[in-house]
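K.L.:
Pasting the sequence and the predicted coordinates here, then a few questions.
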Amino acid sequence: MRTSDCVQCAHFPCGDVNHAAYIVPSVEVDLQRVSIILISEAAPPNPGDYYYAAGNPLFAETTLLAFNDAGIPVNSMQDILERGIYLTTAVKCGKTGYGIQTGTIKECALLLEQELALFPNVKVFLLMGDVAIKAVNDIARRAGEGRVIPAGSTYKIRGQAYFFRGRRAFPSYLQAGPSFFIEKSKRKVIAEDIASAFALAKS
């Protein structure tokens, strides 16, 4: 099925994002087979750069590099899906600036919660960057569950075991977009986190 058939924003209340770049994944996915969900920051300003767009989208290019860095050989987004890994964003509309307002993250966390609930067999969540971490923390707090990931720099809080509704959650760095090519120190960390999540999901 397509998650976009089940998750939709009705009112587009957020003022700091590009509603014309709104995307929920419309790729066909077997919900039962997904064991890892990777959540990155926001949809790209250009929908043609999204994970599942046709051609050679930027998000797919940097993500494929990240998985290959992690020792998981993949050549396409379909390869990643076939390994039981689903990719989405915490914020469904494209960014218009560097940051994203807290209110926007909270609003889109409502959609993200609906999306995550579609997958019954997830073992691991990869939270790629601060926006993804904040969105999952917001989902947990609204349900009275407390923070999933504590406050602090990612490099300081990595290496500990965190859980979101009984499943492991890995705080990591953003792997989608041009900064992935530049920040080589973070590429190593991202690769380690993806490799650890993959090993855990397959154990």
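P.N.:
Sure thing, it's come through.
K.L.:
So the residue positioned nearest the centre of the chain, which state does it fall into?
P.N.:
Closest residue to the average C-alpha location of the chain: residue 39 at 1.0 Å, with C-alpha atoms, centre = their mean. Three-state assignment for residue 39 (DSSP: H, G, I helix; E, B strand; the rest coil): strand.
K.L.:
okay, now the closest residue to it other than its chain neighbours: neighbour count?
P.N.:
Spatially, and ignoring its direct neighbours in sequence, residue 39 is nearest to residue 132 (4.2 Å; C-beta to C-beta, 6 or more residues apart in numbering). (Glycine included, C-beta is placed from N, CA and C.) Residues near residue 132, counting by other C-beta atoms under 10 Å, number 28.
K.L.:
is it true that residue 132 touches residue 40?
P.N.:
Yes. With contacts counted by C-beta atoms under 8 Å, residue 132 reaches residue 40, the gap being 6.1 Å.
K.L.:
shared neighbours of the two, anything?
P.N.:
89, 90 (C-beta atoms under 8 Å, 6 or more residues apart in numbering).
K.L.:
Let me see the contact set for the closest residue to residue 189 other than its chain neighbours.
P.N.:
Nearest residue to residue 189, sequence neighbours excluded (C-beta to C-beta, 6+ apart): residue 173, at 5.9 Å. Neighbouring residues of residue 173 by C-beta under 8 Å, 6+ apart: 128, 129, 154, 183, 186, 189, 190.
K.L.:
do the same with residue 121
P.N.:
32, 33, 34, 35 are the contacts of residue 121 under C-beta under 8 Å, 6+ apart.
K.L.:
possible to save the residues you listed as a markdown table with secondary structure and neighbour count?
P.N.:
Listed next are the contacts of residue 121 as a markdown table, based on DSSP: H, G, I helix; E, B strand; the rest coil; neighbours: other C-beta atoms under 10 Å:
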| residue | secondary structure | neighbour count |
| --- | --- | --- |
| 32 | helix | 10 |
| 33 | helix | 14 |
| 34 | coil | 20 |
| 35 | coil | 20 |
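K.L.:
Return the closest of those with respect to residue 102.
P.N.:
Residue 102 lies nearest to residue 34 out of those, by C-beta to C-beta, at 28.6 Å.
K.L.:
Let me know the pLDDT of the closest one.
P.N.:
Residue 34 is assigned 98 on the pLDDT scale.
K.L.:
who's in contact with residue 73?
P.N.:
residue 67.
K.L.:
what does residue 157 give?
P.N.:
Residue 157 neighbours (C-beta under 8 Å, 6+ apart): 149, 150, 171.
K.L.:
about what we covered before: which residues does the residue nearest to the centre of the chain form a beta bridge with?
P.N.:
residue 88, residue 127 (DSSP bridges).
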